[in-house]
Each structure stands twice: as structure tokens, then as C-alpha cells.
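S.K.: Okay, sequence plus prediction incoming.
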Amino acid sequence: MRVLVFGASGGIGRQVVMQAVGHGHEVTAFVHATPVDLDLPGLSVVTGDVLDFDSVSAAVHGHDAVFFALNNTRGGRGGTLVEGVANVIHAMAVHEVRRLVAVSAAGTFARDDKRLTLGFRAMIKTVLRSVYDELEAMERRIMASDLDWTIVRPVGLTDDPLTGEYRVGLDGSILPKAVRISRADVAALMLKAAAGDTYVRRAVTIGY
């Protein structure tokens, strides 16, 4: 399978790249300003701006699946996720690429869910409010498309190693008593989602 990874220099995107190469896929890493310091067989790197449709379209052409793993929670440009995913969806339609797997976050469309900790609910309403506004707008764009999409909502992220042991909620709701999960395990679920039909047109949560 030929796969394209947007946000390949980020924590989850990098894990998707490494694991996809390890599974024998032909991988293209799409990066903007931060290079991908990986020298792996079957890996190509292209530089571009997800907000520029022409560069996105050129990158999407010829691939079988697309991973959208941008992280816009650390001072990124507001609107990047929404405008970027709109360009990706358009390019996939143009080039007849069907499979899209994107990263969001637990709590999307469920900001008052009491299964989230009180402290995290407070953060969503204050310092993370604009982040969640954008995540929800991004998800709406994806869900409105006719692609074979999957949205993955991790409970929280760590840099711990891959375990392969995690829980998945198929209806997108908050997992009870879930704790933060490694970026490696999130990437593993994303690759699993791209390879089969179980998670097509679903928003799924993941946690330990």
C-alpha cells in the first residue's frame, strides 16, 4: 500500500511513518518546516504547505491511503486543521483516493462529559477552547465528505513504547476510566484502520 502522511514530523505522524515502513508499505512523509530525520527504505519526503492546494494535490496523487496527523495544539496557525483537511479532502476527490485516517482528541463534541476529569473539562472551556473549536470544525469537514474516513480520538498522549494493548470505543464516546495512551499505539490503530473496514466512517476513541 502506498500511504501519505501529513504531519509526519509530529509525534503521531512520525510513529505512523516508522510503523508503516516497518509493515512494508511505501510511505511518503509530507512536512512543512520541520524535517523528518529518518532514513528508512521505502520512505520518500516531500516538503509543502497543507494550506496550499497545489502542493497537497501533487502529494496525494498516486497514493492508496492518507493519514492526517497534524498537531495544532502548540501555537500553530489558527485554522490550519480545518483549511488543511479541506485541501486534503478536495485533493483526494480529484485523484480518486478513498481512505483517510485523521487524528482528533477525546472530548470532541463531548466537552462536558463527566467521564473526563474535572480539571480537563475546565481546560477545554478555557485554555484549550480554541483547539477544540478547531478539532470539531475539522471533524465536521471530514464527516461531510464521501470518503472512507476514520477519525481517531486519543484520551491523552505519551511517548511510551508501543504495547498493542489498548481499548477502543467504536461510537466515539469517552472511554470510562481511560488513561493516556502512547503515540505509538495511536499510530498502530490508525494503520489498522486504514487496512480494513472495521473503522470506516467511524470516530473512535482510544485509551488504556
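M.R.: Done, it's in. This one's a predicted model, so the numbers in the text were calculated from it and none came from an experiment.
S.K.: so what does whatever helix or strand M18 lives in touch, helix or strand wise?
M.R.: Per DSSP states H and E, M18 falls inside helix 11-22. Counting contacts by 3 or more C-beta pairs under 8 Å, 6 or more residues apart in numbering; DSSP states H and E, helix 11-22 packs against strand 2-6, strand 26-31, helix 183-195. For the C-beta atoms, the positions are set from N, CA and C on the backbone; glycine is no exception.
S.K.: Strand partners (parallel or antiparallel) of the shortest one?
M.R.: Using DSSP bridges, the strands paired with strand 2-6 in its sheet are strand 26-31 (parallel), strand 65-68 (parallel).
S.K.: Buried residues in the helix or strand just after the shortest one, which are they?
M.R.: This means strand 65-68. Note on strand 65-68: by DSSP H and E, the next helix or strand toward the C-terminus is helix 80-94. For helix 80-94, burial by neighbour count (16 or more other C-beta atoms under 10 Å) applies to T80, L81, V82, E83, G84, V85, A86, N87, V88, I89, A91, M92.
S.K.: Now for the first one: which residues touch it?
M.R.: Looking back up the chat, that one is T80. V50, L51, L70, N72, E134 (C-beta atoms under 8 Å, 6 or more residues apart in numbering).
S.K.: min pLDDT across these, which one?
M.R.: Looking at those by pLDDT, the weakest one is N72, with 60.
S.K.: Find the least confident helix or strand in this structure, judged by mean pLDDT.
M.R.: Using mean pLDDT, DSSP states H and E, the weakest-scoring helix or strand in the chain turns out to be helix 118-125, at a mean of 87.
S.K.: Next, the angle helix 80-94 makes with the next helix or strand after it.
M.R.: Going down the chain from helix 118-125, the next helix or strand is helix 129-144, by DSSP H and E. On the basis of axes from the mean of the first three to the mean of the last three C-alpha atoms, to 10 degrees, helix 129-144 is oriented at 10 degrees to helix 80-94.
S.K.: So what touches helix 129-144?
M.R.: By C-beta under 8 Å, 6+ apart, helix 129-144 touches 72-73, 78-82, 85-86, 89, 100, 102, 104-105, 107-109, 111, 124, 149, 151, 203.
S.K.: try 10 Å this time
M.R.: Outside helix 129-144, the residues that touch it by C-beta atoms under 10 Å, 6 or more residues apart in numbering are 68, 70-74, 76, 78-86, 88-89, 100-105, 107-111, 123-125, 128, 149-151, 153, 172, 201, 203.
S.K.: Let's see the ChimeraX selection covering just the buried ones among these.
M.R.: To isolate the buried ones among the contacts of helix 129-144 in ChimeraX, judged by 16+ other C-beta under 10 Å, type:
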select :68,70,71,72,80,81,82,83,84,85,86,88,89,100,101,102,103,104,105,107,108,110,123,124,128,149,150,151,153,172,203
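S.K.: which sections of this structure are below the confidence cut-off?
M.R.: For the chain, residues meeting the criterion pLDDT under 70 lie at 72-78.
S.K.: ok, now which ones touch the nearest residue to G156 once chain neighbours are set aside?
M.R.: The spatial neighbour of G156 that comes closest, neighbours along the chain excluded (C-beta to C-beta, 6 or more residues apart in numbering), is R180 at 3.4 Å. The neighbourhood of R180, defined by C-beta under 10 Å, 6+ apart, consists of A106, P154, V155, G156, L157, T158, D160, G207, Y208.
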